[in-house]
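Asks: I need the structure of the sequence given here:
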Amino acid sequence: MASIAMFARTICKNALGNNKTLTSRYMQVVRCMSSGKFEYIITEKRGEKKNVGFVKLNRPKALNALCDGLMKEVSQALDEFELDKDIGCIVLTGGDRAFAAGADIKEMLEREYAQVYGGNFLNHWSRLASCEKPVIAAVNGYALGGGCEIAMMCDIIYAGEKAQFGQPEITLGTIPGAGGTQRLTKAIGKSKAMELVLTANRMSAQEAEKSGLVSKVFPVDEVVNEAVKTAEKIASFSKITVAMCKEAVNASYEMSLNEGLHFEKRTFHSTFATNDRKEGMTAFIDKRTPEFTDS
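Replies: Here you go, the predicted structure:
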């Protein structure tokens with residue numbers, strides 16, 4: 001393992017020069033790959049063409065409580081899949097009983113204001129939201145507090161029919177800190193979001209679908225496979241176009257309608273600089289399946 005790390009460090013130095021940020025990111029990925037496994041998550045490639053990155057939260061005794069180590073491992077797994085040119089989409093899931101029941105309260109209990117403020121506590125959780133490749137959350141069981149928040153950081157949420165969503169932080173004398181007051185409001189509207197965060201009430205999978213928080217609801221034993229199927233479909237398209245499309249949709253949250261429409265139009269124009277746009281349109285006219293090269 002040491003020789004692998006030394007070899008990788010040399011490659012990084014030669015390829016990336018003095019870019020310490022990129023070198024650090026590559027070395028984190030190499031360390032994970034050389035170790036052969038994570039402590040808190042399970043990762044693998046899925047799909048017929050092995051083009052779907054699969055991440056499973058794996059702290060079953062703690063109902064997948066989101067400790068700092070787990071979230072760092074999720075970030076490292078995302079780095080690995082983003083660097084893998086074969087991966088076109090990622091699925092994030094937990095267990096049947098809990099996707100993630102929330103942040104690890106024991107880990108947070110003794111922390112002081114200066115410590116969480118100075119260390120920008122929870123900031124690294126946003127790695128999920130900044131992932132360039134689409135991420136699908138396959139949610140079974142509890143998605144509460146931080147569990148609900150990391151599901152909302154994903155691009156699509158599929159839920160098992162017994163899933164429950166909620167933001168119970170008010171019962172702990174605190175408030176959501178990773179998007180529960182912001183992303184939830186944008187997803188389901190002010191009134192419903194306000195009710196959830198102020199009462200700690202839970203939302204069923206069926207209500208979450210009606211409210212727009214969840215795309216689809218499936219039987220418990222089917223939700224992960226359905227998420228992988230959708231991920232395979234997304235991964236079959238041009239990766240560069242998928243990235244552009246994801247960026248355009250996310251931009252709608254930050255811009256006025258006129259600004260968003262302008263951004264969309266310019267992004268649409270930019271697809272005309274890609275080989276995949278020409279291949280896709282040519283294949284349509286020729287009535288054949290396109291062969292995208294991600295260029």
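Asks: Pull up the gap between Leu57 and Ile150, please.
Replies: 9 Å (Cβ to Cβ, to the nearest Å). All C-beta spots, glycine's among them, are computed from the backbone N, C-alpha and C.
Asks: so what's in contact with those two at the same time?
Replies: Leu66, Val74, Leu92, Ala100 (Cβ atoms under 8 Å, 6 or more residues apart in numbering).
Asks: ok, the first one touching Asp104?
Replies: The one in question is Leu66. Yes: when contacts are counted by Cβ atoms under 8 Å, Leu66 is listed as touching Asp104 (6.1 Å).
Asks: Between those two, which has more neighbouring residues?
Replies: Leu66 (26 against 19; other Cβ atoms under 10 Å).
Asks: Could I get the contacting residues of the residue lying closest to the more buried one once chain neighbours are set aside?
Replies: Counting by Cβ to Cβ, 6 or more residues apart in numbering, Leu66 lies nearest to Gly146, which is 4.5 Å off, once chain neighbours are set aside. Gly146 makes contact with Leu66, Ala100, Gly102, Ala103, Trp125, Ala178, according to Cβ under 8 Å, 6+ apart.
Asks: And the furthest pair within these?
Replies: Gly102 and Trp125 (12.5 Å; Cβ to Cβ).
Asks: shared neighbours, those two?
Replies: Leu66, Gly146.
Asks: Just after the helix or strand hosting Val55, pick out the following helix or strand.
Replies: Element membership of Val55 [criterion: DSSP states H and E] is strand 52-57. Moving toward the C-terminus from strand 52-57, the next helix or strand (DSSP H and E) is helix 68-83.
Asks: For the stretch 51-200 of the chain, just list every one of the strands.
Replies: 52-57, 89-93, 98-100, 135-139, 142-144, 156-160, 164-166 (DSSP state E, counting those that start in this stretch).
Asks: Could you identify which of the shared contacts of Leu57 and Ile150 has the most neighbours?
Replies: Ala100 (30 neighbours).
Asks: Tell me who's in contact with the closest residue to that one other than its chain neighbours.
Replies: Nearest non-adjacent residue to Ala100, counting by Cβ to Cβ, 6+ apart: Gly147, 3.1 Å away. Contact partners of Gly147, counting by Cβ under 8 Å, 6+ apart, are Asn64, Leu66, Gly94, Ala98, Phe99, Ala100, Ala101, Gly102.
Asks: which ones are touching the second one?
Replies: Spelled out, that is Leu66. By Cβ under 8 Å, 6+ apart, the neighbours of Leu66 are Leu57, Ala100, Gly102, Ala103, Asp104, Trp125, Gly146, Gly147, Ile150.
Asks: repeat for the last one
Replies: The neighbours of Gly102, taking Cβ under 8 Å, 6+ apart as the test, are Ala65, Leu66, Tyr142, Leu144, Gly145, Gly146, Gly147, Pro168.
Asks: Can you lay out those residues as CSV showing distance to Phe263 and pLDDT?
Replies: Compiled in CSV, these are given as follows (distance: Cβ to Cβ, whole Å; pLDDT from 0 to 100):
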residue, distance to Phe263, pLDDT
Ala65, 38, 95
Leu66, 33, 95
Tyr142, 37, 97
Leu144, 35, 97
Gly145, 33, 96
Gly146, 31, 96
Gly147, 32, 97
Pro168, 37, 97
